[in-house]
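Peer 1: this one's sequence-less:
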Ligand SMILES: NCc1[nH]cc(CCC(=O)O)c1CC(=O)O
């Protein structure tokens with residue numbers, strides 16, 4: 001096939017690795033020519049402040065969306081975790097790659113229990129911060145920004161005693177041996193963690209068909225359930241939320257957790273439903289909000 005596909009991606013090492021995986025999948029499936037187009041997003045540009053403080057939506061996606069809508073690219077590749085749960089209706093996530101290891105890994109100590117009393121842990125994720133403090137209220141959790149490589153360098157020079165990073169990102173960067181995996185009973189991952197999504201224009205039937213051929217349906221179903229849950233609870237980048245869906249046969253099991261910022265309050269629940277039941281994830285979201293203590297509910301906007 002002599003079709004040429006332009007893949008829009010952020011320029012971080014992880015984003016480029018993931019775009020490369022998508023390029024390989026498209027070449028293998030369709031024999032098409034693939035071109036990688038690097039797009040700088042607001043999230044890449046603003047490095048000196050915690051993103052939760054910058055506010056605004058679509059920090060990692062807006063410039064990629066504009067390039068796609070303008071026809072400068074044919075698809076955008078995203079870490080689905082960084083993609084807001086409400087998307088422009090003119091775009092559609094037509095495919096996802098097979099999900100990688102969904103766990104977080106701890107760098108700097110072999111386990112959360114073995115961190116020294118009062119150890120300084122760097123993370124910029126409200127979920128990781130709340131979950132860590134829930135397990136270890138003595139820890140000093142501080143904001144750290146930057147991509148995976150930057151964070152590892154800052155740990156190396158002793159700015160922090162430990163940090164948490166997604167196993168998926170480390171593995172995709174060739175850092176498979178780095179860090180100790182944290183079980184999902186201890187830290188449930190972020191909605192969409194470890195999933196790479198490929199988005200195109202909703203009215204581009206030709207590209208949609210090409211993407212459908214490389215879609216990993218189980219990943220798409222599970223990540224879509226987690227995103228429906230996240231949409232239902234609302235919230236912002238300040239809201240500590242975790243959700244993990246797994247598919248067994250025709251059924252999805254969705255486990256989810258909402259926390260207060262300091263981890264002092266938490267609500268956790270799960271539901272099992274037929275994979276084609278599109279309303280079940282939102283129902284779990286509403287149920288958790290109903291039972292959430294005020295310090296949790298105030299962080300969500302549904
Ligand atoms: N927020 C940044 C981000 N977005 C996606 C990943 C890793 C890969 C993934 O979870 O899909 C990371 C880094 C991290 O959380 O360690």
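Peer 2: Yep, that arrived. The structure presented is a predicted model; accordingly, all values stated were derived computationally and were not measured. Residues are numbered from 1 along each chain as shown.
Peer 1: For the residue nearest to residue 16 when sequence neighbours are not counted, give me phi and psi.
Peer 2: Setting aside the residues directly before and after it, residue 16 is nearest to residue 9 in space (CB to CB, 6 or more residues apart in numbering), at 6.4 Å. Where you see a C-beta, it was placed from the backbone N, CA and C, and this is true even at glycine. Backbone torsions for residue 9, taken as degrees, to the nearest 10, come to phi -150, psi 160.
Peer 1: where do the strands sit along the stretch 1-150 of the chain?
Peer 2: 4-9, 33-38, 75-79, 91-96, 104-107, 120-122, 140-142 (DSSP state E, counting those that start in this stretch).
Peer 1: can you redo those as CSV with distance to residue 61?
Peer 2: Output for those, formatted as CSV (distance: least, CB to CB, whole Å):
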stretch, distance to residue 61
strand 4-9, 10
strand 33-38, 15
strand 75-79, 7
strand 91-96, 9
strand 104-107, 23
strand 120-122, 25
strand 140-142, 27
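Peer 1: So for the ligand, which of those strands sits nearest?
Peer 2: When the strands of the stretch 1-150 of the chain are compared by CB to the nearest ligand atom, strand 75-79 sits nearest the ligand, at 3.6 Å.
Peer 1: So which elements touch the closest one?
Peer 2: Here strand 75-79 touches strand 4-9, helix 13-30, helix 62-69, strand 196-201, going by 3 or more CB pairs under 8 Å, 6 or more residues apart in numbering; DSSP states H and E.
Peer 1: which parts of this structure sit against the ligand?
Peer 2: 79, 81-82, 148, 165-166, 168-169, 193-194 (CB under 6 Å from any ligand atom).
Peer 1: repeat that for 8 Å
Peer 2: Within the chain, the positions near the ligand by CB under 8 Å from any ligand atom are 14, 79-82, 100, 102, 104, 124-125, 147-148, 151, 164-166, 168-170, 172, 189-190, 192-196.
Peer 1: Secondary structure element holding whichever residue of the chain sits closest to the ligand?
Peer 2: At 3.0 Å from the ligand, residue 169 is the closest residue in the chain, using CB to the nearest ligand atom. Assigned by DSSP states H and E, residue 169 belongs to helix 167-172.
Peer 1: Give me the residues contacting that helix.
Peer 2: 14, 17-18, 21, 79, 99-105, 148, 176, 178-179, 181, 193-194 (CB atoms under 8 Å, 6 or more residues apart in numbering).
Peer 1: and if we set it to 7 Å?
Peer 2: 14, 17-18, 100-101, 103-105, 148, 176, 178-179, 181, 193-194 (CB atoms under 7 Å, 6 or more residues apart in numbering).
Peer 1: again with stretch 28-36
Peer 2: Residues outside stretch 28-36 that contact it (CB under 7 Å, 6+ apart): 1, 3-7, 9, 19, 23, 26-27, 210, 213-214.
Peer 1: Closest to residue 90 out of the residues you listed?
Peer 2: Using CB to CB, residue 6 comes nearest to residue 90 of those, at 17.4 Å.
Peer 1: wait, isn't the closest one in contact with residue 26?
Peer 2: No - Residue 6 is not in contact with residue 26 according to CB atoms under 7 Å; the separation is 11.2 Å.
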